[in-house]
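# need the 3D shape of this:
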Amino acid sequence: MSTFKSTQRTINADIQTVYDKLSNPGSFSGMAEKAQEELKAQVKDIHFSNDTITLNVNPVGAVELKITERQAPNLIRLETAQSPLPFALTVNLQPASAVTTTVEAEVKMDLNPIVKQM
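Numbering: from 1, shown residues only. From the prediction side, this is the model:
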């Protein structure tokens, strides 16, 4: 199992507000229309529900992420329900202050030895 962590970022909103937004993928439904053209060329047919994100990624194909765990207000875990390369994405939230939140993402996936060396 390989683990990839993002750098920590600070969001100018309290932890509960950030958690409420990120734990409901349906709240991102308007985001697809605002995406940059380069991203739109690679990602097609984006659909959001309260528990899933479904998209078609060029050249990977269909990918569906489903929220499998919520621990308010600190953790959201998504796992692939459909993907050529299964993975899990964990979003960790910590209060930096009363009005800011620190966010860090972690991806875990099994990579075969050939891909792992790249």
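# helices of this protein, residue ranges please.
With DSSP state H as the criterion, the chain has helices at 15-22, 31-34, 37-42, 113-116.
# got a list of contacts for the third one?
Residues from elsewhere that reach helix 37-42, judged by C-beta atoms under 8 Å, 6 or more residues apart in numbering: 57-58. Every C-beta, even on glycine, is put in place using the N, C-alpha and C of the backbone.
# from M109, how far off is A88?
Distance, A88 to M109, using C-beta to C-beta, to the nearest Å: 7 Å.
# for the helices of the chain, which one ends up most surrounded?
Most buried of the helices of the chain, by mean neighbour count (mean count of other C-beta atoms under 10 Å): helix 15-22, with a mean of 17.
# pull out the CA atoms of it and give them to me as PDB.
C-alpha atoms of helix 15-22 as PDB (Å, rounded to 0.1, in the frame of the first residue of the first chain):
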ATOM      1  CA  ILE A  15     -13.900  23.700  10.900                       C
ATOM      2  CA  GLN A  16     -17.700  23.000  11.000                       C
ATOM      3  CA  THR A  17     -18.300  25.100   7.900                       C
ATOM      4  CA  VAL A  18     -15.500  23.300   6.000                       C
ATOM      5  CA  TYR A  19     -16.600  19.900   7.200                       C
ATOM      6  CA  ASP A  20     -20.200  20.600   6.200                       C
ATOM      7  CA  LYS A  21     -19.100  21.600   2.700                       C
ATOM      8  CA  LEU A  22     -16.700  18.800   2.100                       C
END
